[in-house]
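Participant: have a look at this prediction, sequence included:
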Amino acid sequence: MRIDIISVLPELMESPFKTSILKRAMDKGIAEVHFHQLRDFGLGKYRQIDDEPYGGGAGMVMMCEPLDNLISKLKSERNYDEIIYLTPDGETLNQKIANTLSIKDNLIFLCGHYKGIDQRIRELHITREISIGDYVLTGGELAACVLADSVIRLIPGVLNDEQSALTDSFQDDLLSPPIYTRPAEYKGLKVPEILLSGNFKKIEEWRSEQALKITQKKRPDLLH
Ligand code: ADE
């Protein structure tokens, strides 16, 4: 998978892709991430990328031309499956969206700043708009990192068996059951007997029951 990320602050996004599992995915050649500095496509001597909103109001708007030129250049180089704009008014990211995107070959993530991008860029180029939650960040960069992490870890070969995504919370619209490691008792708190029993069929049943119980308690909305 190739992800092209368009931003005015690409340096904000460097370390997540140079660390741990995402780094390994890059090193193995399973995923590649390319950053594009929008300012390089800015207009005039000052490399302008934003301007005041028509009709007045606070904040600046990211202009059409630099974005259009950069996105058009990328599109002339390869076919993109989705061109995603990270924005608080997009559809809220969930595991299903991450699963869907994890089987794509080429994605563009566009990080907004200021008040956002000119509506015409949304109409011309954007195929999907994604929010990472109902709150406003200073820009789309951290949201792009969250989206990339949720997607890249699902690409086959990125996680090893122990890290398997199949038992993740949300994977079956259920939260994960409680987990424990040694010691069997800590500060008077005991690991549930069943997990020490060696009866793997019973353990699986217990985990399923717990997953259902915890989901009912914490996130009943997931159970439709
Ligand atoms: N940009 C600013 N806030 C955001 C959010 N919550 N999700 C995605 N992009 C954003």
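Facilitator: Yep, it's here.
Participant: CA atoms for contacts and neighbours, from now on please.
Facilitator: Will do.
Participant: quick one, helices of the chain?
Facilitator: Shown for the chain, the helices assigned by DSSP state H span residues 20-27, 64-77, 95-102, 119-124, 141-152, 200-218.
Participant: now the angle from the lowest-mean-pLDDT helix or strand in the chain to helix 141-152?
Facilitator: Within the chain, judged by mean pLDDT, DSSP states H and E, the helix or strand with the poorest mean is helix 20-27; its value is a mean of 95. Helix 20-27 and helix 141-152 meet at an angle of 70 degrees, taking axes from the mean of the first three to the mean of the last three C-alpha atoms, to 10 degrees as the criterion.
Participant: list of residues touching helix 20-27?
Facilitator: The contact list for helix 20-27, computed with C-alpha atoms under 8 Å, 6 or more residues apart in numbering, reads 16-17, 31-33, 149, 152-153, 158-159.
Participant: okay, and which of the residues you listed map to strands?
Facilitator: Of the contacts of helix 20-27, the ones assigned to strands by DSSP state E are 32-33.
Participant: so, low pLDDT: which residues of the protein?
Facilitator: For the chain, applying pLDDT under 70 flags the ranges 162-163.
Participant: what residues does it put near the ligand?
Facilitator: Residues of the chain found near the ligand, taking C-alpha under 6 Å from any ligand atom as the criterion, are 86-88, 130-140, 143.
Participant: domain parsing for this protein?
Facilitator: When the chain is parsed into structural domains using automatic domain parsing, the resulting residue ranges are 2-152, 169-223.
Participant: distance between the longest one and the chain's centre?
Facilitator: The gap between the average C-alpha position of domain 2-152 and the chain average comes to 11 Å, counting by C-alpha atoms, centre = their mean, to the nearest Å.
Participant: gap between the two ends of it?
Facilitator: Taking C-alpha to C-alpha, to the nearest Å, domain 2-152 runs 10 Å from one end to the other.
Participant: show me the residue at the heart of the chain, geometrically.
Facilitator: Leu147 (0.8 Å; C-alpha atoms, centre = their mean).
Participant: on that earlier part again, Serialize the helices of the chain to a markdown table and add fields for distance to Asp50.
Facilitator: Supplementary listing: the helices of the chain in a markdown table, determined by distance: least, C-alpha to C-alpha, whole Å:
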| stretch | distance to Asp50 |
| --- | --- |
| helix 20-27 | 32 |
| helix 64-77 | 9 |
| helix 95-102 | 30 |
| helix 119-124 | 13 |
| helix 141-152 | 17 |
| helix 200-218 | 43 |
